[in-house]
Each structure stands twice: as structure tokens, then as C-alpha cells.
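Chemist: Let's see this in three dimensions:
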Amino acid sequence: MRKIVDRPIRQLVRRIGAERYILIVLLCLSASVSLTRFFLELSDYPQLGNAELHFAHVLWGGLFLMVAALLPLLFANRRVLNLSAIFAGIGMGLFIDEVGKFITQSNDYFYPAAAPIVYAFFLITLWIYMMVRSHRKQNARSMLYEVLALLEEYLDRDLSDVEKKRVLDLIDQAQALDANHEYVALFSSIQDFIHSEQVHLVEHHADFFDRLKGKCEKFEQKHLPQKTFRRLVMTAMILWGVIAIIYPFLSITFSNDHAILSGLWAELINTQLPLLSESSILLLLRLIGEVMVGILLLGSAFLIRIGKEIPAIRIAYTTLLVSISGIYMLVFYYDQFSAIVFVLLQFVVFGLVARYRKRFVLPAQIEEIS
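Modeler: The predicted model follows:
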């Protein structure tokens, strides 16, 4: 008698390559907001419309989001997900950029709280990306989902030897996890098919992100041994430590002296800060926070110099994480979108510290424990 299944399984399964699509969304979101603000500033905030109508760019954001939603509903090809991620990122950027208009009675595009809200939106998306990237516990069912997704390449005549090996490895792993032997027949059928003469393989072509990752890893191995990388990280810590201490006081000095800057400097150093005599608790927290970040980074560089590498990297990593996720919310509130350049530089420094930590510090700690 055939076994009757009590109820269907409703547990969600993470899509293969989900982290890649979220990364595309994240990059397009960042570019969309930054380029929109930059274009509007250069063009003196033009309006598309007439005396009665105004087509705000939030409408274009909605259009991009609609296209992003419809594409995967209409088409089954995996490559459509790349387009969907691109359109979603652009649409999200155009939408969230106008948040100031929709949280104020006066529809104020330049409302001070808009910039930190946009930045918080970016951080939430970044957090989702980091969560998706993290290792997940798999079972036989989730592995079979990945196998079936990879077999779509066969339908497009684009199955490579690398993907074939991945399919076979996944089946072997799934068989080991299939304690109830639910999928034995499916395992056997897929293995027979993948080994059949019907399956013609093509040369494997890594996608853009895999190629970029491979090139970066080769560059690291060739040009950035631990000693060189350590010097690079120390230099980045010192430079950013000095900038973190000086930058907020530069803004306040120009503001108190009513200095007028022009061109790029006007965008990089916001002179519209409140006067020091009018400073609020939040402004003082911002100043104290940035100065502490600078001092801790300079201290971390000194610790590396005297051979205290593990605590130095731990302090620098935590300091930059707190700065990016907390202090820079206040920086965006006061400096508005002129803070974009500085937060990008801080992400570069954080990336260097995080990479050094992953390559050299964590493996050393594991060796000590074992």
C-alpha cells in the first residue's frame, strides 16, 4: 500500500545564491541614493513637470519596484533574478531617498532626520546580507532544492563540469542526512540522469562576483602577506583615527566662523552645524563618540606595533562596528549626505580590519585553542 503523507511541508527554503542577489540589491540601493543626491545637487534640484504637476522620483522608484516584483513572477529563468535584484535596489533607493517628504507635514525633502533614516535603511539591508551569508544548517530537502535549481542549467544547455560535480556532492551529502529514506528514488534518478550520455557539459564560466573574489584572493596571496597586510591595516587605523578626531571639529570651526566653502569642499564639510553654544546632547555625543573612535584606533595601531595584535584587532573591529552602526547615525543627522564619503572610507578601513582578522587572527586563535 502506498504511504499517505499527513500534510505538506511548509518550511521555507533559502534560495540558492540568495546572498548574491541581496548584495546586488545593496550595491544598487547605495548607488541609487548617492547618485540621485549628487545629480540633484549638481543640477540645482530640477523638477520634472509643469506648474500643476510634479513627477517626484519616488514614482520612478515605485515603477522600478513593480518591475522587480513582476519579473520573477513572469519568468522562471534564474538569470531574471539578477535583473529583479538590480531593479529592486534602484527602486528602493529612489523610494527611501524621498522619506523626508513623507514623515513631515510640510513635505520637507531636506528634513534633517531623513539622512539617518536612509542610512539606517542601508544598514538593515546590510545586516540582512550578513545574515544570509552566514552558514546555515541544511537538511536533505534543502539540498535537493539546490540540486533542482542547478539542473535548470541543463535546460538552458549551460551545465558545466563544476556544476555537475556540485550536484553529485549535494546528493551524497543529502543521502547521508536522509534518515527516513524519503528521497531514495529521487537520488537514484538524478544520479542516473547526470551520468547519462544525454548530459552535455559546457566550459564553466564564473560569474562577475566569483571572478572578482578569485582575483582579490590571488592579489592577497601574491602581494599581501601578513607582514605587508599588517602595515596596511596599521596605516589605515592611524589615518582614520586622525580623521575621526579632526573632522567633527573642522565642521564646527567652519560653522562657528560662518566660513563659506565652495565646490567639493562645501559637500565634504557641512558648515550648517549648530553653533557650539547651541549644541545639543546629541551633538556632544557625536563629537565625543568620533573622538573616542579616533583615540581607540590610534591605540589599536600602537598595540599592533608593540606585538599585541589579537587585542588590537578586537578593539579596532568592535570600535569601527559601533561607529558605523551607531555614531554615524548622529553624523548623518548633523552632516546630512556629505557624510557619505566619510562613511565609505570608514567601511574601507573596517573591511581591511575584518579581512585581516579573518585571514590571520581567527586562525591563530583556533590554533592556540587546539
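Chemist: per the record, what domains does the protein have?
Modeler: Split into domains by automatic domain parsing, the chain comes to 18-133, 140-205, 224-369.
Chemist: got JSON lines for these, with mean neighbour count too?
Modeler: For the C-beta atoms, the positions are set from N, CA and C on the backbone; glycine is no exception. Formatted as JSON lines, the domains of the chain follow (neighbours: other Cβ atoms under 10 Å):
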{"stretch": "domain 18-133", "mean neighbour count": "16"}
{"stretch": "domain 140-205", "mean neighbour count": "15"}
{"stretch": "domain 224-369", "mean neighbour count": "17"}
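Chemist: In the stretch 101-250 of the chain, mark out all the helices, start to finish.
Modeler: 114-133, 140-155, 161-177, 184-194, 208-223, 226-256 (DSSP state H, counting those that start in this stretch).
Chemist: so can I have a markdown table of these showing distance to G294?
Modeler: Below are those laid out as a markdown table (distance: least, Cβ to Cβ, whole Å):
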| stretch | distance to G294 |
| --- | --- |
| helix 114-133 | 20 |
| helix 140-155 | 45 |
| helix 161-177 | 46 |
| helix 184-194 | 57 |
| helix 208-223 | 28 |
| helix 226-256 | 4 |
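Chemist: that older thread, please convert the domains of the chain to CSV, extending it with distance to K213 and mean pLDDT.
Modeler: Below are the domains of the chain laid out as CSV (distance: least, Cβ to Cβ, whole Å; pLDDT from 0 to 100):
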stretch, distance to K213, mean pLDDT
domain 18-133, 11, 90
domain 140-205, 14, 90
domain 224-369, 12, 81
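Chemist: From L123, how far out is V242?
Modeler: V242 sits at a distance of 25 Å from L123 (criterion: Cβ to Cβ, to the nearest Å).
Chemist: same check, this time on I190
Modeler: 41 Å.
Chemist: chain center to stretch 152-168: distance?
Modeler: 28 Å (Cα atoms, centre = their mean, to the nearest Å).
Chemist: ok, and what's touching it?
Modeler: Applying Cβ atoms under 8 Å, 6 or more residues apart in numbering, the contact partners of stretch 152-168 are 76-78, 147, 150-151, 190-191, 194, 199-205.
Chemist: swap the cut-off to 10 Å and go again
Modeler: Applying Cβ atoms under 10 Å, 6 or more residues apart in numbering, the contact partners of stretch 152-168 are 16, 76-79, 146-151, 190-191, 193-195, 198-206.
Chemist: try stretch 304-318
Modeler: So stretch 304-318 is contacted by 226, 230-231, 233-234, 236-238, 240-241, 293, 296-297, 299-303, 349-350, 352-354, 356-357, 360-362, 364-365, 368 (Cβ under 10 Å, 6+ apart).
Chemist: Enumerate every residue touching the residue nearest in space to the middle of the chain.
Modeler: Geometric centre of the chain, nearest residue: L126, 4.1 Å, by Cα atoms, centre = their mean. By Cβ under 10 Å, 6+ apart, the contact list for L126 reads I22, L23, L26, L29, S30, I324, S325, F347.
Chemist: Would you confirm that the first one contacts Y129?
Modeler: Yes - taking Cβ atoms under 10 Å as the definition, I22 is a contact partner of Y129 at 4.5 Å.
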